[in-house]
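In: Just the structure for this:
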Amino acid sequence: AVTSLSAAWWGGNDKIVNFLNPAVLFGMAGISIPIAIHLISKFRVKHIHWAAMRFLQESVQRTRRRLQYEDLLLLALRCLFFAALVAAFARPVQTSPVSGESDTQGPLAVVVLLDNSASMAQSDGVETRFESAKKAIRDWLGASSKDRLLALYTVSNRADALIGKPVTGVSMFQRALSIAQVSEHGSDLLPGIRAAYQALASVSGRAREIRIYTDSQTAAWSRLDEIRKLQKENPGIRLKPVLIGKAGEENLGITALQQDSGVPAVNQPSRFRVDVKNFGTQPAQRVRVVLATDGGAASDEALIARIEPGETQSANLFARFTSPGYHGVSAAIPPDRMPLDNERSAVVAVASRMNALIVEGSGAPAKVDRDGYFLANALVPLARAQAAQNYLKITALSQAALSNQHLESSDLLFLCNPGTFAEPAARDVREFVQKGGRLVIFPGSKTDPAQWNRKPRLGDLLPATLGPAKTPGAGTPPLTWPSGGFEHPVTAIWNDPGLGGLTSVCFTGYFPLTLKSPTAAANDGNAPQVMVRYANGEPSAVERHYGRGIVVLFGSTATPQWNNLPLHPAFVPFVQRLLGYLDPQRGRRLALAPGERFEAAVPMDCVGKEFSVVRPGKDPARRVAGVVEAADGQAFIRYAETEAPGVYRLYLGESVAPTSAFAIQLDPAESDLRQADEKEVQSLSAAGVEGGATNPPAGSWETRFVVTREYWISLLWVAAALGLVEMMLAHRFSQSK
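Out: Numbers count the residues shown, from 1 in each chain. Coordinates of the predicted model:
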């Protein structure tokens, strides 16, 4: 009997009643519990022979029938209560067949998802894909049934509810649709589809559908497996993608803009690398790239002769800054039908002065023979008169003369051929790095690996342990650097053969470096990374973060005794790139994605002060954006209205120069306008995707029927009413007994 209840039956007018959880119906067997209790209570009556009882017999016979009716009524109420409760948990629903060719008729509850990711700004020369999607929604709205509930979300890599729950009112839906705008966010439809399923979960009594108006960019369907999982979890809700635009469009976009030289400093030329990628199918010819600073006129430009389809070409452009602080830099290419990726901005923190300390292990009388001579000249490769005007000030001294006072006034510390450090001096160096200092070590003949590997001295700092030195003349074959395959930012530039190479850098003496394990490094800092390897794969230079600072350890000297690097043409650019990598401002996040919150630390005495912002665009007005907040003993500026790409400048109080700045950059994936596999997308729709898709096979339950009404809530109310009536009657009957 229970099995037959779980089957579907026709309810008339082509409607079918079924249970979503038919297995729960086996709980109907529990109805036997109140019946068994009733029978047991009946047979447990005790017979007591009492002479005076014969005078009451006539009265008992009159009330016996009434008591039996009362007991049977309570038994029926208890059985019905149990049956209603079990049926509610089995979730009975009414389903109706729908046409596989048209879903615009009949009562509907629809959540419309409008893709407003950056790629929807692509134009066909007349209107953007976003405007085309709006038009398609209005056309569907005019042709569909008037009996409908509507909700509207804009979706990118997040879901924004314009109408969060399906409601009646076409005029409200049309107003919300008219104010929807394209954004600069990336593409990911999963958050929107998940929100739509949640919005439809409480709707009953009508067919439910999610309509997705999208350009179907490949990135938008990157989590297709999770979307299919949501479909299986919500079988009564139909998913219908509506594709906007062509399968792919010609597009050229800027995918990267970054400072690519040493430290950006006042009155020093700074090089910027601009990456331009061809996302189309035809070669791009003579692409003009322009670089401008702080919204002014172009400071430099270059011409990329040809970019093949799918290829990225770089242009190296230069800018010069006349004042320290935060400056905006923008690169642009000629306009096309996808305007958002034709310009890209970045922010650089320009230094006015930095102090470098070179500590030498040996004090040779002649400067040219000292351990830091070649390094000092590579750090400031200028004549003496010009060096005096340079932002980087160098102090060279012997290891014995090093003091904590020197460290406190320095930003960078270079140890060249260091000997053994006593614990007080080693502690000062550790604290220097912990507080944010940069430490670079070039070992040499005075370096004792056993002493340097020992903790807690400088062994705590090192990203690798030093093996016994392999010196010239010991029968050790020389090692070289490779010709390519560089991954670290300092060396990656030499992957381009046109910029020279490092393969002729030769080492006849060196200390083998063994990287510390991530587990060991995690106890006192971050895991080490290889900056450059020898051609045989062994590490030649490694680095790690320690506290707020960075430690770089080379395996050989900074002098020509053990290698030819100081004499190599690449030595100066290598040192300058190392200097740029170690710039204390480099670690700050000055480039964010649209919608990310910016945060910058400021002095504690600024807590409670107002800060203002100048947003990207032509309007230079400063507007109050918030107040400085305190958290964990530190003060912060926090700003979250970061939707538009470009440079944002933040000011404390009435300050003239910006206190901080950052840039919002478009996700490069949005420039790729190729669509996902149409068959994969079509498979999501029970009735096929608009625009030529085929219908699923006839006879499939999911394609022929939709849930139009659910009864479980009503059954829960019935069970509650039965339970209440049973309690009231049981109380009344017990008093009469």
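In: My read is that A161 contacts G192, right?
Out: No - A161 is beyond contact range of G192, at 9.7 Å (criterion: CB atoms under 8 Å). (Glycine included, C-beta is placed from N, CA and C.)
In: These two: who's more crowded?
Out: G192 (27 against 16; other CB atoms under 10 Å).
In: follow-up on the earlier one: please identify every residue contacting each of A161 and G192.
Out: Taking CB atoms under 8 Å, 6 or more residues apart in numbering as the contact rule, A161 and G192 both touch Y153.
In: quick one, what contacts P324?
Out: V266, V350, A351, S352.
In: Apart from its chain neighbours, what residue comes closest to it?
Out: S352 (3.7 Å; CB to CB, 6 or more residues apart in numbering).
In: Helices of the stretch 601-737 of the chain, residue ranges please.
Out: According to DSSP state H, counting those that start in this stretch, the stretch 601-737 of the chain carries its helices in the segments 678-682, 701-704, 712-736.
In: of those helices, which approaches N21 most closely?
Out: helix 712-736 (9.2 Å; CB to CB).
In: For the closest one, buried residues please.
Out: W712, L715, V718, A719, L722, G723, E726 (16 or more other CB atoms under 10 Å).
In: sorry, back to before: kindly reformat the helices of the stretch 601-737 of the chain as TSV containing distance to N417 and mean pLDDT.
Out: Converted to TSV, the helices of the stretch 601-737 of the chain look like this (distance: least, CB to CB, whole Å; pLDDT from 0 to 100):
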stretch	distance to N417	mean pLDDT
helix 678-682	62	82
helix 701-704	75	38
helix 712-736	81	82
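In: Nearest to L582 among these would be which one?
Out: Comparing these by CB to CB, helix 678-682 comes nearest, at 47.0 Å.
In: Now do that closest one: which elements does it pack against?
Out: strand 237-243 (3 or more CB pairs under 8 Å, 6 or more residues apart in numbering; DSSP states H and E).
In: List the buried residues of the strand it packs on.
Out: I237, R238, L239, K240, P241, V242, L243.
In: What strands line up against the helix or strand containing V274, and which way round?
Out: Secondary structure from DSSP states H and E places V274 in strand 269-278. Using DSSP bridges, strand 269-278 pairs in its sheet with strand 252-259 (antiparallel), strand 312-320 (antiparallel).
In: which of those sits most buried?
Out: strand 252-259 (a mean of 20; mean count of other CB atoms under 10 Å).
In: List the contacts of that one.
Out: Identification of contacts with strand 252-259 by CB under 8 Å, 6+ apart yields 270-280, 284, 287, 307, 312, 329-333, 336, 338, 341-346, 348, 580, 665, 668, 671.
In: Which among those residues count as buried?
Out: Among the contacts of strand 252-259, the ones that count as buried by 16+ other CB under 10 Å are 270-280, 284, 287, 307, 329-333, 336, 338, 341-346, 348, 580, 665, 668, 671.
In: which non-adjacent residue is nearest P482?
Out: A535 (4.6 Å).
In: right, and the secondary structure at that neighbour would be what?
Out: Of the three states, A535 takes coil under DSSP: H, G, I helix; E, B strand; the rest coil.
In: State the distance from it to G500.
Out: Distance from A535 to G500, counting by CB to CB, to the nearest Å: 16 Å.
In: ditto for E70
Out: In this view, E70 and G500 are 103 Å apart by CB to CB.
In: Pick out whichever of those two has more residues nearby.
Out: Neighbour comparison, E70 and G500: the larger count goes to E70, with 17 against 14 (by other CB under 10 Å).
In: Looks like that one contacts F733 (just checking).
Out: Yes - judged on CB under 8 Å, E70 makes contact with F733 at a distance of 4.7 Å.
In: Chain neighbours aside, what residue packs nearest to E360?
Out: Spatial nearest neighbour of E360, excluding adjacent residues (CB to CB, 6+ apart): D371 at 4.2 Å.
In: Please verify my assumption that that neighbour contacts G361.
Out: Yes - assessed by CB under 8 Å, D371 is found in contact with G361 at 5.7 Å.
In: Looking at those two, which is more packed in?
Out: D371 (29 against 22).
In: returning to that earlier point: give me the buried entries from the contacts of P324.
Out: V266, V350, A351.
In: JSON lines please, covering the residues you listed and showing distance to H185, secondary structure and pLDDT.
Out: Putting the buried ones among the contacts of P324 into JSON lines (distance: CB to CB, whole Å; DSSP: H, G, I helix; E, B strand; the rest coil; pLDDT from 0 to 100) gives the following:
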{"residue": "V266", "distance to H185": "36", "secondary structure": "strand", "pLDDT": "90"}
{"residue": "V350", "distance to H185": "30", "secondary structure": "strand", "pLDDT": "92"}
{"residue": "A351", "distance to H185": "34", "secondary structure": "strand", "pLDDT": "90"}
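In: Tell me the one among those nearest to A644.
Out: V350 (24.0 Å).
In: who touches the closest one in this structure?
Out: V350 neighbours (CB under 8 Å, 6+ apart): P264, A265, V266, F321, S323, P324, G325, Y326, H327.
In: If you rank those by neighbours, which is first?
Out: P264 (26 neighbours).
In: separation between that one and G467?
Out: 38 Å.
In: pretty sure E184 contacts L592?
Out: No - the pair E184 and L592 does not pass the contact test of CB under 8 Å, sitting 11.3 Å apart.
In: Look at the two and report which has more neighbours.
Out: Of the pair E184 and L592, E184 is the one with more neighbours under other CB under 10 Å, namely 24 against 17.
In: The closest residue to the more buried one other than its chain neighbours in helix, strand or coil?
Out: The shortest distance from E184 to any non-neighbouring residue, by CB to CB, 6+ apart, is to P594 (4.2 Å). The local conformation at P594, judged by three-state DSSP, is coil.
In: So what's the residue count around the nearest residue to Q181 once chain neighbours are set aside?
Out: Sequence neighbours aside, N116 is the residue nearest to Q181 in space, at 6.8 Å (criterion: CB to CB, 6+ apart). A total of 25 residues lie near N116 under the criterion other CB under 10 Å.
In: wouldn't N116 be in contact with I179 here?
Out: No - with contact defined as CB under 8 Å, N116 does not count as touching I179 (11.5 Å).
In: hang on, the earlier thing: TSV for the buried residues of strand 237-243, including distance to L567 and pLDDT?
Out: As requested, the buried residues of strand 237-243 are exported to TSV (distance: CB to CB, whole Å; pLDDT from 0 to 100):
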residue	distance to L567	pLDDT
I237	71	89
R238	72	90
L239	67	91
K240	69	92
P241	63	92
V242	66	91
L243	62	90
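In: Reformat those as TSV; add distance to L77.
Out: Formatted as TSV, those follow (distance: CB to CB, whole Å):
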residue	distance to L77
I237	37
R238	41
L239	44
K240	47
P241	51
V242	53
L243	57
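In: Closest one of these to G549?
Out: P241 (51.0 Å).
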